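Enquirer: Sharing a model prediction with you, sequence too.
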Amino acid sequence: MFAEKAWLIPLLPALSFFVILFFGKKMPKGGAESGIASVGASFVLAVFVAADWIKNAKIVDDHLVWWRNGKTAITIGQHVDGLTAMMFLVVTFVSLMVHIYSTGYMHGDVRFTYFFAALSLFTAAMLFMVMADNLLQLMIGWELVGLCSFMLIGHWFEEKNNSSAALKAFFTTKFGDIGLMLGTITLFFAAGQTFHIETINRLALNHEISHGLVLAGALLLFLGVMGKSAQFPLHVWLPDAMAGPTPVSALIHAATMVVAGVYLVARVYGVFWSGFSIAHGGLNWMALIAGITMIIAAGLAFVQDDIKRVLAYSTVSQLGYMVAALSVGAWTAGVFHLFTHAAFKALLFLGSGSVIHAVHSNNMSEMGGLKKYMPTTYWTFIIGTLALAGIFPLAGFWSKDEILLGAMKNHYPYIFVLGLIGAFMTAAYMGRCVHLTFHGEYRGHGHPHESPRSMTVPLVLLAIPSVFIGLINAPGIEKFAHWVRFEVPGVEGFEIPEHKFNAGLALFSFAVAGAGLLVSTMVFYWKNAPAKGAWKRVPVFRALNTFLVEKYYLDHLFVGGVVGSIKGPIARAVYWTNQNIIDGVVNAVGVGAKLVGRFTYDVIDQKGVDGIVNGIGVSASETGGVLRLVQSGRVQQYALMLFAAVGLLGLALVVFN
Amino acid sequence: MPVTEYLLLSAFLFCTGIYGVLARRNGVLVLMSVELMLNAVNINLVAFSARLNDVAGQVFALFVIAIAAAEVGVGLAIVLLIYRNRVGVNLDEIDLMKG
């Protein structure tokens, strides 16, 4: 009974947008209360819709026709199933946290009211897109999301960097959107003039559309996904989008904008499934792009000094995981990773915002040692990091494990290997980020302080799901796969393979993630000898640090316990091994990863990809330069061209008739 | 009823109008030339309406007259404002939209 009223969920923030726009400045809190109230109400509704879905499991699919042309009806509708209910929950919850957090973070900003208006519209647009039962409505929501992110990234547009970052984000995603539009048109005609997603899925899965057309549709739609979900090589906009206020980054990276692409793939999965022949295994275009994205973005994260950029590249890499999961047929795993990632990435971004708020700088070279100044931020950030790195039993562990499992069982060995490498790198760069920010000595200016409660409370509220939501798909519970599944009525012989939890694999991926954290810890440790004490005091890291600690235990044993004749040579030998071999390996791994990252950043990203983007811009500008000569500003010259053209056309008509 | 004469008259008026639009420099005269072209079309419409015994042509002519009135109203207002601001309605000098 609540599922039928799902259309209220996007409507409330949309109304709030107009309320803030017209009356926001007169409200006591500058419009923030309207945004929080509407998104909060939407969140409550989303909870009811989700409960309704869990109880009745009845797909709601209805629509209003607002324009009819021949047999083509243009509709606005709602399609409520498990995926929709989950997205409603994710978007409204993260958005609510971001709204609350922003009241603290944006306090005293010149365009406070405007910011909240845009935030409301952003949320409404994303919810509208999620609700869509047809591709046209989805596209409208998609474009609105793009527009709002443009407005919010360029919120502080007085600085040239920020406004150009906003433009870059807008144009890069817009380039992908051409693909989305062409894909929608292709599928519209291929499916017999309908935008209805369920119908398109059914026809694609039943092979009632020729494979060529489905493939064309899937390739074109995927171009849109590459732009929106920042897949290589269209990922360039996302790190620059860090120019926006941090709460916006959290919203963009966790719940809206970038997950729109992943959501599109999950929603129109029938087209991708048969278009890319996912069931056959082996190599497909989507898996290839996703695999490249995972590794390249993770490599880039190593060489960033801006804490938000580390997280941004991390998001790109994690989006690669989601798309990879969908591309290997592990639908549930991909969607589940979207779900868990939303919680811990929002947490990490809001945490980094809290740090930036305290030290007034984005650069990790001006941070360090913040653990003792801001304990709440520190501990929640640690939880987010562990969840992202995939440490048992936090959220990221379960979803990442399912992706790897799916890749292995569905015969995509290269995705499996890339996924493991990516998991290692993820853990390593997040470890580096935590060390540089919170451990060691403070390297910045002034006196950092813990953020106000309006900022720390959302951190704690997000830390809770970051720890626990992974468990809902843990072996023995497995509710998520049951609640959120891809089903299309009226399709025969189609089933997405489900795999049993594999303890060996889980242990292995856990070990890989642990190794990543370990390596980063060791690199940091050897560079900053004074930080040694801090390392031993943090219990979580001591456990991950077993190798290092044990080595020291041995050292002490040799020095303190086995005193005597064997003391000298063995201690020296151990010391030599320690200094030359182990250090060498550790340093070589660190330096190697850094070099790879530097190379991809400098050559591939900055020269190759940026070069293409800039080249397009320059050629457009030069075409404009030639065309402006025609624009003389004289009406009569225009009229002459007009009449001449009509004359020529008339002549052509006479000659060719 | 033969229409040839009407068509010739209309063609002559239309060409005069085109000449005026392209060659005159005074904004007011250009507007008048546009009126001339519109009325040439009206003559065509009415002539064929009479020939084919169909009232639609006359209806269209009425529409054209109404729109022409509106157009000249707006046009003259623009010319007046340009004259006030730039002291002159010489179209060659009004090229602020130059790219």
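Expert: Perfect, thanks for sending it.
Enquirer: where does the chain dip in pLDDT?
Expert: Because you didn't say which chain, this covers chain A. A:526-571, A:574 (pLDDT under 70).
Enquirer: ah, I was thinking of chain B
Expert: B:99.
Enquirer: near chain A at all, the longest helix along it?
Expert: In chain B, taking DSSP state H as the definition, the longest helix is helix B:56-86. No: shown here: helix B:56-86 not in contact with chain A (C-beta under 8 Å from any C-beta of the partner chain), separated by at least 10.9 Å. Backbone N, C-alpha and C define where each C-beta goes, glycine included.
Enquirer: Buried residues, that helix. List them.
Expert: B:57, B:60, B:61, B:64, B:68, B:72, B:75, B:79, B:82 (16 or more other C-beta atoms under 10 Å in any protein chain shown).
Enquirer: just stretch A:486-493 next, same as before
Expert: A:486, A:488.
Enquirer: Could you tell me the end-to-end distance of that stretch?
Expert: For stretch A:486-493, the separation between the terminal residues is 14 Å (C-alpha to C-alpha, to the nearest Å).
Enquirer: what's next to that stretch, contact-wise?
Expert: By C-beta atoms under 8 Å, 6 or more residues apart in numbering or on different chains, the residues outside stretch A:486-493 that reach it are A:59, A:81, A:83, A:198, A:201-202, A:205-206, A:266, A:269-270, A:331-332, A:494, A:496.
Enquirer: Nearest residue to residue A:151 in space, please, no chain neighbours.
Expert: Closest residue in space to residue A:151, ignoring its immediate chain neighbours: residue A:118 at 4.8 Å, by C-beta to C-beta, 6 or more residues apart in numbering or on different chains.
Enquirer: my guess is that neighbour contacts residue A:152, does it?
Expert: Yes: Residue A:118 lies in contact with residue A:152 (C-beta atoms under 8 Å); the separation is 5.3 Å.
Enquirer: Max pairwise distance over the buried residues of helix B:56-86: which two?
Expert: Of all pairs drawn from those, the widest gap by C-beta to C-beta lies between B:57 and B:82 and measures 36.1 Å.
Enquirer: Phi and psi next, for residue A:61.
Expert: Reported as degrees, to the nearest 10, the phi and psi values for residue A:61 are phi -140, psi 100.
Enquirer: what about it, how many neighbours?
Expert: Taking other C-beta atoms under 10 Å in any protein chain shown as the criterion, the count of residues near residue A:61 is 15.
Enquirer: Check which helix or strand the residue nearest to it when sequence neighbours are not counted maps to.
Expert: Spatially, and ignoring its direct neighbours in sequence, residue A:61 is nearest to residue A:79 (5.0 Å; C-beta to C-beta, 6+ apart). Residue A:79 belongs to strand A:72-80 when assigned by DSSP states H and E.
Enquirer: for residue A:293, same thing?
Expert: Here residue A:293 is assigned to helix A:285-301, by DSSP H and E.
Enquirer: how distant is the next helix or strand after that helix from the center of its chain?
Expert: Going down the chain from helix A:285-301, the next helix or strand is helix A:307-327, by DSSP H and E. Once both centres are worked out by C-alpha atoms, centre = their mean, to the nearest Å, helix A:307-327 turns out to sit 6 Å from its chain's centre.
Enquirer: next one: stretch A:231-244
Expert: Centre to centre, stretch against its chain (C-alpha atoms, centre = their mean), the figure for stretch A:231-244 is 11 Å.
Enquirer: Can you check the distance spanned by it, start to finish?
Expert: Stretch A:231-244: ends 20 Å apart by C-alpha to C-alpha.
Enquirer: and if you look at stretch A:184-202?
Expert: By C-alpha to C-alpha, one end of stretch A:184-202 lies 16 Å from the other end.
Enquirer: Residues in contact with that stretch: which ones?
Expert: A:61, A:71-72, A:74-75, A:79, A:132-139, A:203, A:209-210, A:213-214, A:216-217, A:220-221, A:267-271, A:488-491.
Enquirer: How about stretch A:203-215?
Expert: A:186-187, A:190-192, A:270-271, A:273-276, A:488, A:490-492, A:494.
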